[in-house]
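Visitor: Structure of the sequence below:
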Amino acid sequence: MPTKPVVRTAALRKPPVPDDAMWPRVTREVADDLAADAIARDRAGKPPYDEVARLREAGLPALLTPPALLGLGRGRTGPGLTLDPGGHDGHGGHGGADWRTAAAVIREIAAADGSIGELIARHYVLSWSGRFFGTPDDPAAGHEPAAVASSWLLGGSTDLPDPETGPGLTLSPAASGYLLNGRRTFAAGVTVADRLVVGATSTHTGELLIALVNPAHPGVLAGTDNDRLGQRLTGAGSVDFDNVPVGADHILGALPRDEHAVSAFTALAPLALRLVLSHVALGIAEGALAEARDVSRAVQPAPRSEAPDATTYAVRPSGDPYLLLAYGELATAAHTAAAVVERATDALEQGLLTGRDIGMDERAEIAVLVAAAEAVTSRSAVDITTRILELTEAATSSDGGAALDRFWRNARALTAQSSPTHRLRDIGDHYLNGTHPPFTARS
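Guide: Numbers count the residues shown, from 1 in each chain. Purely as a prediction, here's the structure:
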């Protein structure tokens, strides 16, 4: 089992309230549990039902939900749920943590299992869909109390469909609300989500509606992607929707037809997703570095040569100066990435605290910091997970040992979802010309 990662910066910069203080301990226990059988689960590649059960047992799906979240909705109640002033739901859950705490949870889980880190990261962003896309007079959608009470895990995506991949999903008006049709591929949660949060184009108005869908409906047919290079346990796959009814009360919000007309606050949604995935990448890098360190420490020293000019490191196997230099470079890269990600996390949380009063300039500054976090963590994760294979070559065979190749595969699969070149270009344009990054709801 891997020990605690080498690199770990302070995730909480304020005096913790009781729930905030609880989450590091709970997360550490879950991460240790996931790390214990990570190799076997990665090789099996089965849908992550058991892993989701572990998250749910620890209360992690409800971490970023009302009532205490950012001071909104304290004491709010809903069907089947009564919330006390302390933010507890009466069912053993503890919601109301902030985004810094959620980011720390994501990173810790990802260090043990990158797939499950991505699964919970996407869930946290989707759990805020009602706030990002809802109306100003009801920023917290009615689904949140039910989600907390039932400890739902959310899957899906609210991202705008790519025109090159087809029309995406559509919602047609019906007597009871809407009918959902179409096919969409999702990066996580297809097989294990309790509810899917999807973006679908209204055939009546052309706007993008954000809908909450029950995947148990017979009109929902999910197909898994079991042949992925990495991130095999996210529950990724494609879903077909065939005349699936969606009630009007299950529409969480909407985006105008012109994606550039969205509010600055709503445009934080894709930034939140990109940032939490950067935390996943950083967690994968930290987990890889920690396990590689343990392998290098355990290497037995070579027999001491009798030659007078022989160079040996018999006293300390890991005392090879070239090995020390390599680990120094990798640890520094991880520290650097952590610092950039932490700064972006602070900026995003401040923007979320500002709420709907946030302006375009503030959103642009957050976008630049998130882009920097993406670019740095993407390169660091791939570089670190590649170089540890060189440093621990004897322990990376596919039929035994530490199986450190899983970190490289996970890093590759995760970072392939975005292009650091595009992010760096946006940063350069902002720095050189003062141009705002694309103001869009597309991640």
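Visitor: pLDDT-wise, which helix or strand of this structure ranks last?
Guide: None of the helices or strands of the chain scores lower by mean pLDDT, DSSP states H and E than helix 143-150, at a mean of 78.
Visitor: Summarise which helices and strands that helix is packed against.
Guide: If you count contacts as 3 or more CB pairs under 8 Å, 6 or more residues apart in numbering; DSSP states H and E, helix 143-150 packs onto no helix or strand. For every residue, glycine as well, the C-beta is placed using N, CA and C.
Visitor: give me the number of residues near residue 44?
Guide: Using other CB atoms under 10 Å, residue 44 is surrounded by 10 other residues.
Visitor: Just the pLDDT at residue 295, thanks.
Guide: Predicted confidence (pLDDT) for residue 295: 90.
Visitor: from what I can see it touches residue 402, true?
Guide: Yes - using CB atoms under 8 Å, residue 295 is in contact with residue 402, at 5.4 Å.
Visitor: re the thing from before, could I get the least confident helix or strand of the chain in CSV with only the CA atoms?
Guide: Taking Å, rounded to 0.1, in the frame of the first residue of the first chain, the C-alpha atoms of helix 143-150 are listed here in CSV:
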residue,chain,number,x,y,z
HIS,A,143,-33.0,18.2,-6.7
GLU,A,144,-30.3,18.9,-4.1
PRO,A,145,-32.3,17.9,-1.0
ALA,A,146,-33.2,14.6,-2.6
ALA,A,147,-29.6,14.1,-3.8
VAL,A,148,-28.3,14.5,-0.2
ALA,A,149,-31.0,12.4,1.3
SER,A,150,-30.4,9.5,-1.1
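Visitor: so how far is it from its chain's centroid?
Guide: Using CA atoms, centre = their mean, to the nearest Å, the mean C-alpha position of helix 143-150 is found 20 Å from that of the whole chain.
Visitor: can you check stretch 357-366 too?
Guide: Worked out by CA atoms, centre = their mean, stretch 357-366 lies 23 Å from the chain centre.
Visitor: So which bits of that stretch are buried?
Guide: Going by neighbour count (16 or more other CB atoms under 10 Å), the buried part of stretch 357-366 is 358, 362, 363, 364, 365, 366.
Visitor: Run through who's touching it.
Guide: By CB atoms under 8 Å, 6 or more residues apart in numbering, the surrounding residues in contact with stretch 357-366 are 264-265, 267-268, 271, 344, 347-348, 351, 354, 430, 436-437, 439.
Visitor: all helices for the stretch 201-350 of the chain, in order.
Guide: Counting by DSSP state H, counting those that start in this stretch, the stretch 201-350 of the chain has helices at residues 268-298, 321-354.
Visitor: Distance to residue 385 for those helices - can I get that in JSON lines?
Guide: Output for the helices of the stretch 201-350 of the chain, formatted as JSON lines (distance: least, CB to CB, whole Å):
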{"stretch": "helix 268-298", "distance to residue 385": "5"}
{"stretch": "helix 321-354", "distance to residue 385": "10"}
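Visitor: Low-confidence regions, the stretch 301-443 of the chain specifically.
Guide: 301-318, 394-401, 440-443 (pLDDT under 70).
Visitor: What pLDDT does the model give residue 257?
Guide: Predicted confidence (pLDDT) for residue 257: 80.
Visitor: Name the nearest residue to it, ignoring sequence neighbours.
Guide: Counting by CB to CB, 6 or more residues apart in numbering, residue 257 lies nearest to residue 206, which is 4.5 Å off, once chain neighbours are set aside.
Visitor: For the one you found, what are phi and psi?
Guide: Per-residue torsions, residue 206: phi 80, psi -10 (degrees, to the nearest 10).
Visitor: ok, how many other residues are close to it?
Guide: By the criterion of other CB under 10 Å, residue 206 has 10 neighbours.
Visitor: Kindly report the same for residue 29.
Guide: Look at residue 29: counted by other CB under 10 Å, it has 12 neighbours.
Visitor: Quick check: it touching residue 59?
Guide: No - with contact defined as CB under 8 Å, residue 29 does not count as touching residue 59 (11.4 Å).
Visitor: all strands of the stretch 151-300 of the chain, in order?
Guide: Ranges of strands within the stretch 151-300 of the chain are 154-157, 170-174, 177-186, 195-202, 208-213, 220-224, 237-247, 251-255, based on DSSP state E, counting those that start in this stretch.
Visitor: Pipe those into CSV and attach mean neighbour count per row.
Guide: Compiled in CSV, those are given as follows (neighbours: other CB atoms under 10 Å):
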stretch, mean neighbour count
strand 154-157, 26
strand 170-174, 17
strand 177-186, 19
strand 195-202, 24
strand 208-213, 25
strand 220-224, 16
strand 237-247, 18
strand 251-255, 22
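Visitor: circling back: for the contacts of stretch 357-366, which ChimeraX command selects only the ones that are buried?
Guide: For the buried members of the contacts of stretch 357-366, the matching ChimeraX selection, counting by 16+ other CB under 10 Å, is:
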select :264,265,267,268,271,344,347,348,351,430,436,437
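Visitor: so who does the most centrally placed residue in the chain touch?
Guide: Centroid check for the chain by CA atoms, centre = their mean gives residue 121 as the closest residue, at 2.6 Å. Contact partners of residue 121, counting by CB under 8 Å, 6+ apart, are 106, 110, 276, 277, 279, 280.
Visitor: Against residue 147, how distant is the closest residue to residue 150 other than its chain neighbours?
Guide: Once flanking residues are discounted, residue 150 sits nearest to residue 194: 6.8 Å by CB to CB, 6+ apart. Counting by CB to CB, to the nearest Å, the gap from residue 194 to residue 147 is 8 Å.
Visitor: who's more crowded, these two?
Guide: Taking other CB under 10 Å, residue 194 and residue 147 do not tie; residue 147 has more neighbours (27 against 20).
Visitor: roughly how far apart are that one and residue 197?
Guide: Distance, residue 147 to residue 197, by CB to CB: 10 Å.
Visitor: now do residue 251
Guide: 11 Å.
Visitor: Can you pull the residues that touch both of those two?
Guide: Contacts common to residue 251 and residue 197, judged by CB under 8 Å, 6+ apart, are 210, 211, 212.
Visitor: and the second one, bridged to which residues?
Guide: Right, residue 211. Beta-bridge pairing for residue 211 (DSSP bridges): residue 198, residue 251.
Visitor: these two touch, right, it and residue 171?
Guide: Yes - Residue 211 is in contact with residue 171 according to CB under 8 Å; the separation is 6.5 Å.
Visitor: Now do the shared contacts for these two.
Guide: With CB under 8 Å, 6+ apart, residue 211 and residue 171 have common neighbours 178, 180, 200, 246.
Visitor: Just the closest of those to residue 259, please.
Guide: The nearest member of those to residue 259, counting by CB to CB, is residue 200 at 14.6 Å.
Visitor: State the distance from the closest residue to that closest one other than its chain neighbours to residue 244.
Guide: Nearest residue to residue 200, sequence neighbours excluded (CB to CB, 6+ apart): residue 169, at 3.7 Å. From residue 169 over to residue 244 the distance is 10 Å, taken as CB to CB.
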